[in-house]
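[1] Model the following, please.
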Amino acid sequence: MLAFGSLGMSVSFAAETIRVGVLKFGTVNWELDTIKHHKLDEKHGVNVDVRFFAGEDATNVAMMAGDVDIIVSDWLWVSRQRSSGEDLTFVPYSSSVGALMVRDGSPLKDLADLKGKKIGVAGGPLDKSWLLMQGLAKQQLSIDLAAENEIIYGAPPLLAEKAQQDELDAVLNFWNFCARLEANGFHRLISTSEAAKALGASGTASAIGYIFHEKWAKAHSQAIAGFISASRDAKALLASSDEDWQRLAPVIKAEGRELEVLRDRYREGIPKATAEEEEADAAKLYAVLAELGGSRLVGPARTLAPGTFWKEK
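    This next block holds a predicted model:
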């Protein structure tokens, strides 16, 4: 019996640790918290070790230095890295995207009304959502949003605050900040996915995902399979359990109507397509973004790099 117990103990400690580098206040923490709380990583034979970073550049550096096994970013960055010889690959996490938000009762009804207005833009001049909005305005209305408006670039929380203080006529922000605004007297003028579809892309490709080195994943095939399974289990819980959202409220720092909108928008963004469908959608969107952002955004490659999306074995 003693020998059997010792064997059981050794097996329980055999779970492989996966180091996941994320931003301290990123939305992916809601899923990772759910994984740890319900021990979904243990269920699938891995130990998720969450490591927090102050900014996206820091997580990218940690990934390239081998200090973490997985980070969260977008497939566009992965494709650019693969085109430069890196072996990064991508598993979809969320298709939730931002939107141009205006206050309820605003006289602004569509893109044409934005001319000459003050617009807040999160993410900088090469933000993908901003490029898509500019592309749509040029194509449909012959309006140069960047040239014909006062554009205020800034951090997402700062721009959300300025919008609530009525210092902006409209704000283009990340999805979770848009959801908080939506719960507090704002509505969508146009979403990023609507702009992408109008420009010819499917608009349904996941915006962000889990990123790791292909060589590492092949050498740790059971670990990456276990992590992906734990992620899916967590999403299933968050898709169906309102109780889990109440438990997460202190982590999310939201309650009442705000928590409900964040929950609903998160659920809308849970990926449902196959890896092949995701890759096909991303390839269409890549072509649009390559045209709008040029080499400054996508690098020298004009098409999505093969292998950008991880194919589970």
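
[2] Can you pull out the low-pLDDT segments for the protein?
    Across the chain, the ranges flagged by pLDDT under 70 are 1-14, 313.

[3] helix, strand or coil for D49?
    Classification of D49 by DSSP: H, G, I helix; E, B strand; the rest coil places it in strand.

[4] S231 now?
    Classified using three-state DSSP, S231 is helix.

[5] Next one: it relative to P92, how far apart?
    Remark: distance between S231 and P92 (Cβ to Cβ, to the nearest Å) = 10 Å. No exception for glycine: its C-beta is placed from N, CA and C like everyone else's.

[6] Dump the longest helix along the chain to CSV, keeping only the CA atoms.
    Under DSSP state H, the helix in the chain containing the largest number of residues is helix 275-298. What follows is helix 275-298, C-alpha atoms only, in CSV (Å, rounded to 0.1, in the frame of the first residue of the first chain):
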residue,chain,number,x,y,z
ALA,A,275,-8.6,26.1,-37.3
GLU,A,276,-8.9,25.8,-41.1
GLU,A,277,-11.8,28.3,-41.1
GLU,A,278,-10.0,30.7,-38.8
GLU,A,279,-6.9,30.6,-41.1
ALA,A,280,-9.0,31.2,-44.2
ASP,A,281,-10.7,34.2,-42.5
ALA,A,282,-7.4,35.6,-41.3
ALA,A,283,-5.9,35.3,-44.8
LYS,A,284,-8.7,37.5,-46.2
LEU,A,285,-8.3,40.0,-43.4
TYR,A,286,-4.5,40.0,-43.8
ALA,A,287,-4.9,41.0,-47.5
VAL,A,288,-7.1,44.0,-46.5
LEU,A,289,-4.7,45.1,-43.7
ALA,A,290,-1.6,44.7,-46.0
GLU,A,291,-3.3,47.1,-48.4
LEU,A,292,-4.2,49.6,-45.7
GLY,A,293,-1.1,49.4,-43.5
GLY,A,294,1.6,48.4,-45.9
SER,A,295,5.0,47.0,-44.8
ARG,A,296,5.0,49.1,-41.7
LEU,A,297,2.2,46.9,-40.4
VAL,A,298,2.8,43.5,-42.0
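
[7] Flag every buried residue along that helix.
    Going by neighbour count (16 or more other Cβ atoms under 10 Å), the buried part of helix 275-298 is 278-290, 292-293, 297-298.

[8] care to break this structure down by domain?
    Split into domains by automatic domain parsing, the chain comes to 12-95+205-298, 99-198.

[9] burial count for the closest residue to S229 other than its chain neighbours?
    The shortest distance from S229 to any non-neighbouring residue, by Cβ to Cβ, 6 or more residues apart in numbering, is to H44 (4.5 Å). Residues within reach of H44, counting by other Cβ atoms under 10 Å, total 21.

[10] returning to that earlier point: which of the domains of the chain sits closest to W310?
    Closest approach to W310 among these is made by domain 12-95+205-298 (4.3 Å; Cβ to Cβ).
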